[in-house]
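Novice: Quick one, fold the following:
(2 chains, ligands or ions: 2)
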Amino acid sequence: MIEVKGLVKHYGSKRAVDGVSFTVNRGDILGFLGPNGAGKSTTMKMITGFLRPDAGTALVDGHDVTDDPVAVKSRVGYLPESAPAYGEMTVEEFLGFIAEIRGFKSSDARHEQVERALGLTQLAPVRTQTIETLSKGYKQRVGFAQALLHNPPVLILDEPTDGLDPNQKNEVRTLIKKLASEKAVVLSTHILEEVEAICTRVIIISQGKVVVDETPAQFRARQPGARLDEIFRSLTTSDT
Amino acid sequence: MSQISPVFKREFLGYFRSPVAYVFLIVFLMASVGLAFFIGGFFKANLASLDSFFVFHPWLFLFLIPAAGMRLWSEEKRTGTIELLFTLPITTLEAVLGKFFAAWAFLTVAILLSFPMVVTVGYLGNPDWGVIASSYLGSILMAGSYLGVCSLTSALTKNQVISFVLSVLACLVLLFLGWSVFNGALHAVLPVWAVDLLANFSFATHFNAFTKGIIYPKDVAFFLSLTGFTLFLNVVALER
Ligand SMILES: Nc1ncnc2c1ncn2[C@@H]1O[C@H](COP(=O)(O)OP(=O)(O)OP(=O)(O)O)[C@@H](O)[C@H]1O
Ligand SMILES: [Mg+2]
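Specialist: Ligands and ions are numbered 1, 2, ... in the order given. As a prediction, the model looks like this:
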């Protein structure tokens, strides 16, 4: 479903992403790990067509993001880091706008999608509240709802559980797991337990390069008995 | 191109979701009518014409349109919603046009809110309706060109203050090229044909005929092509 081939991105003279390649199949939940500044978000921005890669490309469902970005974008649900949204709109208005631009032109179809997304992310109590007045966790859920809205075959989630309370973290993980049988999911996180709980594969990138690509079981087996964060530390050096 | 309409709707309604829009409309109205009354001598002239109202538009637009246009793209960049917008299935051109037309429609509302003046001259005297109609047309076309420039400059920065200053400067140049005082000074250094050529790129030069009730195709073409050109550069600036 997702095929990432040799992505490279420079910021000035800094190589933020340095030849990242991997593939994700339907049913996979890929945990994307790495220290701060490793290039996780930058890689996701290139897969979703927001940033143009300096080299390499990504294919979603066979569509090349550099040749046909609109085809890729219509198949991907993307939650950007820190979940940006138009703050002056209410939750309902915002999701309605996303639904319309996602191709649900009739108001019935739009309504149905919005209700579904509101239900999945438990946003119904705040549906008429403007987004700028929501708490951080609720804003995060609005971003998640927006990504799920069109029931896309591919989900790219940049720190989806960031800012959520422990109950909500669990809800979101359960939801991702439930949805994932039909989808290819990439999620980045700093919570190693999260990877063990839901991911079927782990990729660790450090200084823009993939250093680990294996199953969570293999990852744990690297140093039997050690804590996950110890294994993580031994594989990565702090990036700046 | 079907994706222009959701962007247009969101943007246009967005103006009325914030108090800034109402403040803008009131300031616009007070400034345009105020200039006509106190400096243009609307009453003293004792003529059933809106000449003293329209004559200030090129100067008024110089500040008010950058004020309305500075947030177009800067705001999206500052809040990060640009990442959301450009990972939706929409081309850059559709996004640029949707936002531009929404802002233009908003400015048209602001310009047309002066209709009580039209009613007044119609009640008190016997104005030339053709002149009034062509003046409104010219004013709206000119507003589009100013806005094109502002939309472009706001795509260059995420700082609204910088965006505003750049917009005013760019518009100032385009306005001054046709100002007689400035051209008089230019005559000292440039040959007549060169000054005339430069004056051809001025807002004021092309707006003049409209206020006399004459619609020259070349004036219409000037405003439309300047608008088109700035929007083209706008797309290039965003895709960079
Ligand atoms: N717009 C930008 N301009 C310049 N440098 C940038 C820009 N965005 C990211 N970088 C740099 O690129 C590198 C990778 O950043 P990225 O946001 O992809 O990291 P990350 O893995 O998502 O980190 P985090 O875990 O903190 O979210 C960092 O060194 C960062 O400073
Ligand atoms: Mg990140």
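
Novice: Remind me which helix or strand A:Ala58 belongs to.
Specialist: Assigned by DSSP states H and E, A:Ala58 belongs to strand A:55-60.

Novice: is any part of that strand close to chain B?
Specialist: No: judged by C-beta under 8 Å from any C-beta of the partner chain, strand A:55-60 stays clear of chain B, getting no closer than 11.8 Å. Quick note: C-beta positions are derived from backbone N, CA and C, even for glycine.

Novice: Just the mean pLDDT for whatever helix or strand comes next after that strand, thanks.
Specialist: Note on strand A:55-60: by DSSP H and E, the next helix or strand toward the C-terminus is strand A:63-64. On average, the pLDDT along strand A:63-64 is 95.

Novice: list the contacts for residue 142?
Specialist: In the absence of a named chain, this looks at chain A. A:Ala83, A:Ala85, A:Val91, A:Phe94, A:Leu95, A:Thr121, A:Leu123, A:Ile131, A:Leu134 (C-beta atoms under 8 Å, 6 or more residues apart in numbering or on different chains).

Novice: Oops, wrong one, chain B.
Specialist: Taking C-beta under 8 Å, 6+ apart, one finds B:His57, B:Pro58, B:Phe61, B:Phe203, B:His206, B:Phe207, B:Phe223 in contact with B:Met142.

Novice: And the residue of chain A closest to ligand 2?
Specialist: Here chain A gets closest to ligand 2 at one residue, A:Ser41, 3.1 Å apart by C-beta to the ion.

Novice: quick one: the residue nearest the centre of chain A and A:Leu79, what's the gap?
Specialist: Centroid-nearest residue in chain A, with C-alpha atoms, centre = their mean: A:Leu157, separated by 1.2 Å. A:Leu157 sits 5 Å away from A:Leu79, going by C-beta to C-beta, to the nearest Å.

Novice: tell me, what's touching those two both at once?
Specialist: Common neighbours of A:Leu157 and A:Leu79 (C-beta under 8 Å, 6+ apart) are A:Phe144, A:Ala147.

Novice: Name the helix or strand for the spatially most central residue of chain B, please.
Specialist: For chain B, the residue nearest the mean C-alpha position is B:Ala143 (2.0 Å; C-alpha atoms, centre = their mean). B:Ala143 belongs to helix B:129-154 when assigned by DSSP H and E.

Novice: Distance check, the residue nearest to the centre of chain A against ligand 1.
Specialist: Taking C-beta to the nearest ligand atom, to the nearest Å as the measure, A:Leu157 and ligand 1 are separated by 13 Å.

Novice: Checking that residue next. Helix, strand or coil?
Specialist: strand (DSSP: H, G, I helix; E, B strand; the rest coil).

Novice: buried ones in stretch A:134-145?
Specialist: A:Leu134, A:Tyr138, A:Lys139, A:Gln140, A:Arg141, A:Val142, A:Gly143, A:Phe144, A:Ala145 (16 or more other C-beta atoms under 10 Å in any protein chain shown).
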